[in-house]
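Asker: What follows is a predicted protein model with its sequence.
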Amino acid sequence: MSDATELRRRQAEFSKELHGDDIGSKTGVSAFLSKNRSAQKEAVTKYLKHWDGKVDKDAEDRRLEDYNESTHSYYNVVTDFYEYGWGSSFHFSRYYKGENFFAAMARHEHYLAYKAGIQKGDLVLDVGCGVGGPAREISRFTGCNIIGLNNNDYQIAKAKWYSKKYHLEDQLDFVKGDFMNMDFEPNTFDKVYAIEATCHAPSLEGVYGQIYKVLKPGGTFAVYEWVMTERYDESNPKHRKIAYEIEIGDGIPKMFHVDVAKQALTNVGFEVSVAQDLADNDDEVPWYYPLTGEWKYVQTLTDLGTFFRTSFFGRKFTSAMVSLMEKVGIAPEGSSKVTNALEEAAIGLVAGGREKLFTPMMLFVAKKPLDASD
Ligand SMILES: CC(C)=CCC[C@@H](C)[C@H]1CC[C@H]2C3=C(CC[C@]12C)[C@@]1(C)CC[C@H](O)C[C@@H]1CC3
Ligand SMILES: C[S@@+](CC[C@H](N)C(=O)[O-])C[C@H]1O[C@@H](n2cnc3c(N)ncnc32)[C@H](O)[C@@H]1O
């Protein structure tokens, strides 16, 4: 058995032990409370194994090398929190004045589909598809067929459960795989998109090279990339602290600079037609607003629940409840470590957003040339 097959088998087995067989019918709090105790403790340990506060080369190399297991463990322990706090699309978006949170999320997804030129009947790959929120929206919006690729078994099971629930099984499929080593045949997809996922890669050239391979000649790749911006200075300790908070709290081995991303696309053969930071604008309502706790930004009454759960006070409330439940044995051991890490994420993301050192929506649109050879 190859190393990759063995890892896949182990991860699938572990997911079954951690989450049980009944995946889908429970979400958020009830899913979180029904985890297998010892497996949850192990998952948290695996995720935080290389996060010891160090940012030297050796520490970074260890995180880059362990990217697959570490990210797999990260999503094993945060997925229920994400669904409870944010919904089933795991990304940020811009907000128009008066626009509801979920409408903005859907619009952000439609915009990427539009920039990728996705048409009815296209075969599309969603790289790092989460629990399938964007794939459901984009398949309904365009009439295309989407295969979602993900290395997290729990999220795949959830994505499949949702597509059955919403009768989208004819248009959607979700498969297990590492985006650094894809199993698809070369030249398979008409379009490829990735939303806030490829930042988990140990090398952007690695993941973009795989996307280039599976895209048909003339096909388009569109991505919302997480990158550090032109203003970021790796040698500035305050900047590095913000990047580290984003890395540890979001399960990212290393946050790359925007130039690294752009160069990586070109190096693997793409022709880049759009390179635009959608966060670099004068929006009245900033993309990171739900994590700030600033009530002035809330746009509609329907957003109050989401805003409470995502705001500073809402997060403190959740952390306190989780800590209490862990102490009395209702919540599995290690749960507080997860809410602490998510808190670091929120702090780093808001700080990075306010200072424009970081963007979660660097939009790249890139084409595989028509005359590309394999
Ligand atoms: C990790 C990557 C590449 C993308 C995910 C982006 C966002 C969806 C998440 C980033 C930080 C997350 C937090 C939460 C939800 C999902 C994020 C915004 C919570 C609000 C979930 C509820 C917890 O109690 C607090 C979390 C803070 C961080
Ligand atoms: C922040 S979530 C975004 C999910 C989805 N794009 C969305 O917007 O809802 C990042 C996703 O990338 C997936 N991922 C991370 N590393 C991966 C890898 N090496 N191979 C495949 N998927 C990966 C995670 O499991 C997760 O589903």
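Answerer: Yep, that arrived. Ligands and ions are numbered 1, 2, ... in the order given.
Asker: Ligand 1 contacts on the stretch 251-374 of the chain?
Answerer: For the stretch 251-374 of the chain, the residues in contact with ligand 1 under the definition Cβ under 6 Å from any ligand atom are 309-310, 315, 318, 339, 342, 345-346. For every residue, glycine as well, the C-beta is placed using N, CA and C.
Asker: who touches residue 79 in this structure?
Answerer: Taking Cβ atoms under 8 Å, 6 or more residues apart in numbering, we find residue 79 in contact with 131, 152, 154-155, 158.
Asker: can you do 6 Å?
Answerer: 154-155 (Cβ atoms under 6 Å, 6 or more residues apart in numbering).
Asker: Would the one helix or strand residue 42 maps to count as contacting ligand 1?
Answerer: In the assignment (DSSP states H and E), residue 42 maps to helix 37-48. No - Helix 37-48 does not reach ligand 1 (Cβ under 6 Å from any ligand atom); its nearest approach is 12.3 Å.
Asker: any weak-confidence spans in the chain?
Answerer: The model of the chain has pLDDT under 70 over residues 1, 374.
Asker: what does it put close to ligand 2?
Answerer: Within the chain, the positions near ligand 2 by Cβ under 6 Å from any ligand atom are 68, 71, 75, 89-91, 128-130, 133-134, 149-152, 155, 178-180, 195-197, 200.
Asker: Now the helix or strand harbouring residue 103: buried residues?
Answerer: Element membership for residue 103 (DSSP H and E) is helix 101-116. Neighbour counts using 16 or more other Cβ atoms under 10 Å place 101-113, 115-116 of helix 101-116 among the buried residues.
Asker: and the residues of the chain next to ligand 2, which of them are in strands?
Answerer: Among the residues of the chain next to ligand 2, the members found in strands (DSSP state E) are 149-150, 195.
Asker: Those residues into JSON lines, with extra columns for neighbour count and distance to residue 164?
Answerer: Listed next are these as JSON lines, based on neighbours: other Cβ atoms under 10 Å; distance: Cβ to Cβ, whole Å:
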{"residue": "149", "neighbour count": "26", "distance to residue 164": "19"}
{"residue": "150", "neighbour count": "26", "distance to residue 164": "17"}
{"residue": "195", "neighbour count": "28", "distance to residue 164": "22"}
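Asker: what would the residues you listed look like in CSV with distance to residue 32?
Answerer: Below are these laid out as CSV (distance: Cβ to Cβ, whole Å):
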residue, distance to residue 32
149, 25
150, 20
195, 24
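Asker: Throw those residues into a markdown table and include distance to ligand 1, thanks.
Answerer: Below are these laid out as a markdown table (distance: Cβ to the nearest ligand atom, whole Å):
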| residue | distance to ligand 1 |
| --- | --- |
| 149 | 15 |
| 150 | 13 |
| 195 | 9 |
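Asker: Tell me the one of the residues you listed nearest ligand 2?
Answerer: Nearest to ligand 2 among those is residue 195, at 3.8 Å by Cβ to the nearest ligand atom.
Asker: re the thing from before, which of the residues of the stretch 251-374 of the chain next to ligand 1 are buried?
Answerer: 309-310, 315, 318, 339, 342, 345-346.
Asker: And the furthest pair within these?
Answerer: 309 and 345 (14.5 Å; Cβ to Cβ).
Asker: In space, what's closest to the closest residue to ligand 2 within the stretch 201-350 of the chain - neighbours in sequence excluded?
Answerer: Here the stretch 201-350 of the chain gets closest to ligand 2 at one residue, residue 201, 6.5 Å apart by Cβ to the nearest ligand atom. Distance criterion Cβ to Cβ, 6 or more residues apart in numbering; nearest residue to residue 201, sequence neighbours excluded, is residue 207 at 4.0 Å.
Asker: contacting residues around the one you found?
Answerer: Counting by Cβ under 6 Å, 6+ apart, residue 207 has contacts 179-180, 198, 201.
Asker: most surrounded residue in these?
Answerer: residue 201 (27 neighbours; other Cβ atoms under 10 Å).
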